[in-house]
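1. show me how the following folds:
(one chain, ligands or ions: 1)
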Amino acid sequence: MPLCQKYNLKVIEDATEALGSYYTEGFYKGKFAGTIGDIGVYSFNGNKIITTGGGGMIVSNNPDLLKTCKHLSTQAKSNEKMFYHDQIGYNYRLTNMQAALGVAQLEQLESFIQIKKENYFKYKALLNTDNLTILDFRTDIRPNYWFYSLFIKDLKNETKESVIHYLEQHSIQTRPIWGLINDQPPYVTHQTNETSKARFYWEHVLNLPCSSNLSAQDVDYVAKTILSHKGL
Ligand SMILES: Cc1ncc(COP(=O)(O)O)c(C=O)c1O
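-> Numbers count the residues shown, from 1 in each chain. Reported below is the predicted structural model:
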């Protein structure tokens, strides 16, 4: 933020994955993710901590920026002339029905985080061996515990795909973390930095079931099944 202030740059915070998280220490103590930059954005896609089925939200303390965002996301139509587009606009607005769903979801955000927190500590206690651990969150924040990442230190003769397959056979759906951008066809020839750590984590991390619908028994079952894998 100081650097951007110095050079008069605007900061857009993609706070999608961190909705509900805030700093508990330091300069930004008490500040929620998405409220530090000039603009904060959140996705409410189906896999997020709260959802409107699709779409998202922009927040800002700057009314002029919000006005511009609203204008561009509603096809840049001027009010005076109904079908006059004064700029290249986009049809990106959330519908009223989605917004109503979003408001109801937002009311439940804290209770979702509470469930996710309980399940996180349960997973963490159960999956704690020399070879398996649940990745930590940083300590200067109250995280939203959106998902739980199982770190497999030594894959031995397994791969993350074979572990996913094993769990699938026990009716447990797990996911790898996001693929590396430099492995995606449009960017494959555009790599400029070394990414050995990212590749290591891509191979060694699995995301466990994390829905706020998950019961304590479900968490027990997932952990027990992972621990029953003879190759880990
Ligand atoms: C940080 C972040 N931003 C944006 C998105 C995507 O949002 P949308 O699907 O609404 O385009 C994701 C999806 O996982 C995300 O993790």
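2. any idea how far residue 13 lies from residue 121?
-> 28 Å (C-beta to C-beta, to the nearest Å). Backbone N, C-alpha and C define where each C-beta goes, glycine included.
3. meant to ask about residue 79
-> 52 Å.
4. can you list the low-confidence ranges for the protein?
-> Residue ranges of the chain with pLDDT under 70: 80-81.
5. 90 instead?
-> The chain contains residues with pLDDT under 90 at 78-83, 191-196.
6. near the ligand, which residues of it show up?
-> Residues of the chain lying close to the ligand (C-beta under 6 Å from any ligand atom) are 14, 16, 17, 43, 45, 56.
7. in PyMOL, select just the buried ones from the residues you listed.
-> Applying 16 or more other C-beta atoms under 10 Å to those, the buried members can be selected in PyMOL as follows:
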select buried, resi 16+43+56
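8. ok, the residues of the chain next to the ligand vs residue 230, which is closest?
-> Nearest to residue 230 among the residues of the chain next to the ligand is residue 17, at 33.6 Å by C-beta to C-beta.
9. give me the three-state assignment for the closest one.
-> helix (DSSP: H, G, I helix; E, B strand; the rest coil).
10. contact partners for it?
-> Each residue near residue 17 by C-beta atoms under 8 Å, 6 or more residues apart in numbering is listed here: 48, 146.
11. can you give me the helices in this protein?
-> 2-6, 63-73, 96-107, 109-126, 160-169, 196-204, 216-227 (DSSP state H).
12. find the nearest non-adjacent residue to residue 28, please.
-> residue 36 (5.9 Å; C-beta to C-beta, 6 or more residues apart in numbering).
13. correction: residue 54
-> Using C-beta to C-beta, 6+ apart, the closest residue to residue 54 is residue 45 (5.8 Å).
14. before I go, just wanted to say thanks for your time.
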